[in-house]
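Peer 1: Here's my sequence, what's the structure:
(one chain, ligands or ions: 2)
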Amino acid sequence: MSEDLLQDLNDAQREAVLHGDGPLLVLAGAGSGKTRVIVHRIARLVRDEGVIPWQILAVTFTNKAAGEMRERLEALLGLAAQELWVQTFHAFGARFLRREAARAGLPPSFAIYDTDDQVRLVKRLFAEMGVEDGSPLTAREALSRIDRWKNAALRPAEVEVSSYDVEGQLARQLYERYQAALLRAGAADFGDLIVMPTRLLEEDAALRARWAGRFRHVLVDEFQDTNPAQYRLMKALAGARRNVCVVGDDDQAIYRWRGADVSNILGFDQDFPGTRVVKLEQNYRSTRTILDAAHAVISRAKRRREKRLWTDRDAGAALALLVGEDEHAEAERIARGVAAERGRGTPGDEIAVLYRTNAQSRPLEAALRAARIPYVIVRGTSFYERAEVKDAAAYLRLALNPASDIDLERVVNRPARKIGEKTVERLRAHATAKGIPLYEAIADRDAVAELKPAARAALGEFHDIVASLHADVPALDAGIAVQEALKRSGLLARLEEDHSDEAVERAENLAELVAAAREFDEALLGEAPPTDPDDVRPPPLARFLEQIALLGEADAETPEGRVALMTLHAAKGLEFEAVFLAGLEDGTLPYERPWSDQTPVERDEALDEERRLCYVGMTRAKARLTLSLARRRMGYGEGGPSYRQMEPSRFLRDLPPELFGEAVAREVRAREARAAAPPLARPPVVRRHPGALEGEPHIELDGDDGIGPARPSTPGPRGGPSARGERISGEPTVEYDLDQRPSRGGAPFQRGARVRHASLGEGIVLSCEGAGMEAKATVRFDSGDRRVVCRFLVADE
Ligand SMILES: Nc1ncnc2c1ncn2[C@@H]1O[C@H](COP(=O)(O)OP(=O)(O)OP(=O)(O)O)[C@@H](O)[C@H]1O
Ligand SMILES: [Mg+2]
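Peer 2: Ligands and ions are numbered 1, 2, ... in the order given. As a prediction, this is how the structure comes out:
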């Protein structure tokens with residue numbers, strides 16, 4: 001037995017790592033070493049049991065998590081780790097389908113459609129069906145129904161919809177056409193990457209025997225978030241051998257909205273009788289304060305199985321709370337907190353700012369940029385979502401498969417070739433009538449006969465481009481293929497002719513795409529030749545496109561030293577020295593849809609899921625956890641954007657005040673005593689956290705910060721310019737006034753002051769009027785004179 005693999009494991013972890021054959025379920029809270037168990041178990045199987053790496057399949061939820069797992073395995077196993085199948089469910093599905101493409105009716109180089117492609121396809125099908133987009137369903141609504149059916153691994157013919165459900169009937173009809181259109185285009189969507197392998201395996205015993213025979217061990221991380229289709233896929237792959245090891249935490253189930261089903265965990269030992277269940281109870285990640293806070297939130301979930309983690313670490317730092325007047329002030333305080341964290345030597349990539357919805361990232365970005373703190377938004381698809389990058393990808397996908405109509409429609413007139421929408425419509429009608437792809441219609445004399453000569457010539461040229469790419473490019477290295485596509489399509493030349501800033505930026509993005517493809521080729525060079533006889537690897541270009549398509553929400557690399565900004569969903573499984581959790585307000589976290597038509601039971605379930613999300617966020621922190629909220633937040637109401645007053649999150653009220661430090665606890669006790677007396681309107685008090693260093697997070701105490709009991713319903717004035725607080729005797733409490741701080745956002749500026757704006761850059765103040773939140777300044781920027789709200793300006797010191 002390799003001792004080193006068993007060192008640094010507690011008894012329960014060791015039991016799971018050493019478990020022999022048969023089903024194993026590791027059920028444990030956050031940071032208890034579940035992922036570590038998977039990694040060490042795989043290493044032991046390879047090193048001590050002689051299992052061949054490609055006979056092991058491990059699935060995780062995000063590419064980032066898969067990447068980290070692979071890194072840890074490489075450290076333990078060296079080169080042998082390369083041939084392990086460690087990936088996301090979707091990446092596994094894609095890999096499976098490339099090998100079994102013919103059975104699924106797809107070409108091996110099938111394209112993977114993203115949401116944008118899906119929406120365009122549905123809109124086109126709506127048009128064919130004579131259905132108006134939005135009545136009764138929008139394309140996105142229809143797609144979300146289709147997604148739900150796919151999560152349950154249902155094919156169109158198996159979907160049951162009541163005859164009274166008009167929308168459902170339409171969605172079902174659409175589903176059928178949609179699948180047919182995908183097959184015709186030689187494409188699959190994300191759902192198909194799971195449904196198709198699942199159904200192929202379930203329905204073909206010989207195929208199942210082959211695949212279940214090859215994987216001697218199947219391991220699943222974050223098992224609580226698998227949907228029924230993924231669960232069935234796992235079951236089929238486990239086969240009769242039943243060597244499945246699943247690890248999960250029911251408290252961290254956060255994908256119910258995507259069809260994940262916690263009953264997978266609860267019913268696991270019914271499907272796999274004789275399952276060994278291992279529970280882990282020691283947390284190795286967080287301080288006791290952080291664990292207590294997380295427990296206070298999660299333990300109030302309505303439906304939950306009680307479990308509690310313990311740690312032998314100290315209480316550590318108290319929780320910190322930041323309160324901003326609005327989301328910009330909140331963001332600015334977080335930026336200051338992050339700066340202080342870096343100031344104490346914490347590397348940027350050990351700091352994360354987490355939030356509930358993507359929309360919250362904008363003010364945070366602006367504040368970090370203004371504070372010159374390097375950050376990265378962990379949202380992998382953003383680069384590949386740029387129009388010019390998608391255009392290039394569409395040419396490449398056409399090179400592999402000219403029948404992909406969605407790609408053809410995207411680029412037939414890019415760069416502009418004077419091929420108008422009317423021409424495309426005519427071709428579309430012809431293609432639909434004849435049941436051929438657009439690519440063939442273009443070359444069809446009958447289809448183009450009535451077109452004007454100029455349009456005909458342009459179409460002919462476009463057809464030649466696609467034909468030449470299709471003939472030459474598919475087998476090339478990805479880097480060269482991308483270059484050829486950019487050159488032959490004319491995309492790059494057109495941008496180079498144009499000298500506008502925008503064109504330059506787009507050309508740079510295309511250069512970046514070439515660089516990414518070259519890096520991909522280089523990485524392939526480092527790949528050892530497969531020892532797995534069944535391992536047919538597609539040519540580099542197809543693999544490169546697949547990698548782009550599979551970049552999920554949560555998967556961007558976090559470059560060294562940069563602070564990570566991401567949603568709570570994306571933070572799953574990760575850990576950071578310091579975590580800032582933003583937007584602890586009712587409505588933001590827990591998130592509430594403005595138009596909720598939920599039943600009370602659904603509302604309870606939704607609230608429990610928000611609680612679990614909050615728990616996931618808090619348990620990402622190793623040493624320091626800062627919570628923040630805004631008193632009002634810009635939202636979109638009926639009359640357009642407007643400010644909404646926000647109440648502190650109910651989750652904040654669940655936290656024992658002591659976790660914020662003794663001074664806060666004392667203040668809350670005093671507040672309780674005051675609350676017992678007749679209510680008095682109390683002015684807000686802003687205090688520096690006792691003993692805090694300059695620039696450190698401070699805590700605002702004015703009775704409405706969400707800590708401790710809710711204040712009686714007589715609201716005091718908020719944030720008034722002359723707010724005064726009382727001292728807690730004997731403590732070095734520092735008070736200062738938010739609106740009077742010199743040379744900070746929100747303060748009026750002197751004429752001639754140098755200021756910085758997040759998007760407009762540096763400038764000089766020409767004049768300033770108004771006061772406080774409403775103050776506006778006229779500023780001379782490089783791009784011209786602009787009137788901007790002072791809150792968005794930072795003095796350039
Ligand atoms: N026995 C141990 N001794 C020391 N450190 C450990 C031990 N087990 C786990 N750790 C460390 O604790 C941290 C959390 O472990 P891990 O990420 O495996 O937990 P997890 O249960 O998967 O968490 P999550 O639920 O958030 O995914 C990691 O930094 C890991 O290296
Ligand atoms: Mg984990």
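Peer 1: Just want the residue of the stretch 551-700 of the chain that's nearest ligand 2.
Peer 2: Residue of the stretch 551-700 of the chain nearest ligand 2, by Cβ to the ion: G573 (4.3 Å). C-betas here are computed from N, CA, C, even on glycine.
Peer 1: show me what contacts C768?
Peer 2: Contacts for C768 (Cβ atoms under 8 Å, 6 or more residues apart in numbering) come out as P748, F749, Q750, R751, A775, K776, A777, T778, C790.
Peer 1: Shouldn't the residue of the stretch 551-700 of the chain closest to ligand 2 be within a strand?
Peer 2: No. Residue state for G573 (DSSP: H, G, I helix; E, B strand; the rest coil) corresponds to coil; a strand is not indicated.
Peer 1: Can you list phi and psi of A320 for me?
Peer 2: Phi and psi for A320, reported as degrees, to the nearest 10, are phi -120, psi 150.
Peer 1: Could you measure from it over to I334?
Peer 2: 11 Å (Cβ to Cβ, to the nearest Å).
Peer 1: again with E68
Peer 2: Relative to I334, and taking Cβ to Cβ, E68 is found at 25 Å.
Peer 1: between those two, which one's more packed in?
Peer 2: Neighbour count, other Cβ atoms under 10 Å: between E68 and I334, I334 has more, with 27 against 17.
Peer 1: quick check, that one in a helix?
Peer 2: Yes. Secondary structure of I334 (three-state DSSP): part of a helix.
Peer 1: Setting aside sequence neighbours, what's the nearest residue to it?
Peer 2: Nearest non-adjacent residue to I334, counting by Cβ to Cβ, 6 or more residues apart in numbering: F580, 5.1 Å away.
Peer 1: And for S162?
Peer 2: Here the residue nearest S162, using Cβ to Cβ, 6+ apart, is G168, at 6.8 Å.
Peer 1: give me the number of residues near that neighbour?
Peer 2: Neighbours around G168, by other Cβ under 10 Å: 17.
Peer 1: helices or strands up against the helix or strand where it lies?
Peer 2: For G168, the element it lies in under DSSP states H and E is helix 166-185. Packing partners of helix 166-185 (3 or more Cβ pairs under 8 Å, 6 or more residues apart in numbering; DSSP states H and E): helix 115-129, helix 139-151, helix 405-411.
Peer 1: To ligand 1, which of these lies closest?
Peer 2: Closest approach to ligand 1 among the helices and strands packed on helix 166-185 (Cβ to the nearest ligand atom): helix 139-151, 22.5 Å.
Peer 1: Name the surrounding residues that touch that closest one.
Peer 2: Contacts for helix 139-151 (Cβ under 8 Å, 6+ apart): 115, 118-119, 122-123, 126, 133, 137, 156, 159, 167-168, 170-171, 174-175, 178, 189, 191-192, 194-195, 227-229, 258-259.
Peer 1: Only C-alpha atoms, please: export it in CSV.
Peer 2: Backbone C-alpha positions of helix 139-151 (Å, rounded to 0.1, in the frame of the first residue of the first chain) are rendered in CSV as follows:
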residue,chain,number,x,y,z
ALA,A,139,-38.2,30.9,-28.4
ARG,A,140,-36.5,30.9,-25.0
GLU,A,141,-39.6,29.7,-23.2
ALA,A,142,-40.0,26.9,-25.7
LEU,A,143,-36.3,26.0,-25.3
SER,A,144,-36.6,25.8,-21.5
ARG,A,145,-39.4,23.3,-21.9
ILE,A,146,-37.3,21.3,-24.3
ASP,A,147,-34.5,21.4,-21.8
ARG,A,148,-36.6,20.1,-19.1
TRP,A,149,-37.7,17.2,-21.2
LYS,A,150,-34.1,16.5,-22.1
ASN,A,151,-33.1,16.6,-18.4
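Peer 1: That one to helix 166-185, inter-axis angle?
Peer 2: 80 degrees (axes from the mean of the first three to the mean of the last three Cα atoms, to 10 degrees).
Peer 1: quick one: buried residues of helix 139-151?
Peer 2: Under the neighbour-count criterion of 16 or more other Cβ atoms under 10 Å, helix 139-151 has A139, E141, A142, L143, R145, I146, D147, R148, W149, K150, N151 buried.
Peer 1: what sits against Q118?
Peer 2: L143, D189.
Peer 1: Get me the contact residues on this protein for ligand 1.
Peer 2: By the rule Cβ under 6 Å from any ligand atom, the part of the chain lying against ligand 1 is 8-10, 13, 28, 30-36, 249, 252, 284-285, 573, 575, 619.
Peer 1: show me where pLDDT drops low in the stretch 651-797 of the chain?
Peer 2: 677-704, 708-746, 759, 771-774, 797 (pLDDT under 70).
Peer 1: what about the helices in it?
Peer 2: 662-676 (DSSP state H, counting those that start in this stretch).
Peer 1: Where do the strands of it begin and end?
Peer 2: Taking DSSP state E, counting those that start in this stretch to define them, one finds strands in the stretch 651-797 of the chain at 685-687, 699-701, 754-757, 761-769, 776-781, 784-789, 793-795.
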